[in-house]
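# using only what follows, build the 3D model:
(one chain, ligands or ions: 1)
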Amino acid sequence: MEKRACKLNLTKKKSKDGSHVSPILSAEIKNFLIDIDGTITDDIPNEEPERMETCEPYLDALQTVNKWYEEGHQICFFTSRTEEHRDVTENWLEKHNFKYHTLLMGKPRGGNYHWIDNHMVKATRYKGKFTDLIEKEYKIQVFKDE
Ligand SMILES: [Mg+2]
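Okay, the predicted model is just below:
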């Protein structure tokens, strides 16, 4: 797959002592981390890798992900498939014309994800429809000092 040259609008900052800190994407660009199994195609466990080649993509996911890519967002597929499934996964993504930047294997299995990071994190649970995102108010858990 020919990858688009990654031209990121990263803001580079220095701390007060002049040392570098991690660069930050401009606010309008999202770093999407998107699950594969059960989110953009059927939920295929690692124990049945033969299905990874023949499964069909969810078309609303394909359209939405490719739209986000064309809008300039970063698309990273983040999956619990392991490195031994990388080739079949990359071939499948290419075969179905998914546009993306990176593929991370080895996401912990089992769900109940709770991501803690010094950068802003938002999460969206996939429940069967892959659309543009809308805003809703929810209760979330934060550290006590916020
Ligand atoms: Mg999944």
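# please report how far the residue sitting furthest away from the middle of the chain lies from residue 118.
Centroid-distance maximum for the chain: residue 17 at 33.8 Å, with C-alpha atoms, centre = their mean. According to C-beta to C-beta, to the nearest Å, residue 17 stands 18 Å off from residue 118. All C-beta atoms are positioned from the backbone trio N, CA, C, and that covers glycine.
# again with residue 12
Here residue 12 is placed at a distance of 16 Å from residue 118 (C-beta to C-beta).
# on contacts alone, who are the packing partners of the helix ranked longest in the chain?
Ranked by number of residues, the top helix in the chain under DSSP state H is helix 59-70. Applying 3 or more C-beta pairs under 8 Å, 6 or more residues apart in numbering; DSSP states H and E, one finds that helix 59-70 contacts strand 31-34, strand 74-78.
# so which bits of it are buried?
For helix 59-70, a neighbour-count test (16 or more other C-beta atoms under 10 Å) marks 61-62, 64-65, 68-69 as buried.
# sweet, I'm off.
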